[in-house]
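**Student:** please find the sequence and the predicted model below.
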Amino acid sequence: MSDVAPLVRGHSAWALGGVGSPAALDALHSHLGDESDSFVLDEIGLALGTE
């Protein structure tokens, strides 16, 4: 989730959502406040089930 490319971060969010473990979901939650790219934020929201 720290790659410079938004596409990579978005795909990472998708993959973490697929894992679905508590640790993966915690990682997604922790990146919500740090992320500014709308694509990545959408992917995080989808992975967390909030979109």
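**Tutor:** Right, received. Where do you want to start?

**Student:** element containing His31?
**Tutor:** His31 belongs to helix 22-32 when assigned by DSSP states H and E.

**Student:** please state the offset of that helix from the chain centre?
**Tutor:** The chain centre lies 7 Å from the centre of helix 22-32; the measure is CA atoms, centre = their mean, to the nearest Å.

**Student:** residue ranges with poor pLDDT in this structure?
**Tutor:** 51 (pLDDT under 70).

**Student:** top helix in the chain by residue count?
**Tutor:** Ranked by residue count under DSSP state H, the longest helix found in the chain is helix 6-19.

**Student:** how about that helix: buried residues?
**Tutor:** Using 16 or more other CB atoms under 10 Å as the test for burial, helix 6-19 gives 6, 9-10, 12-13, 16-17. All C-beta spots, glycine's among them, are computed from the backbone N, C-alpha and C.
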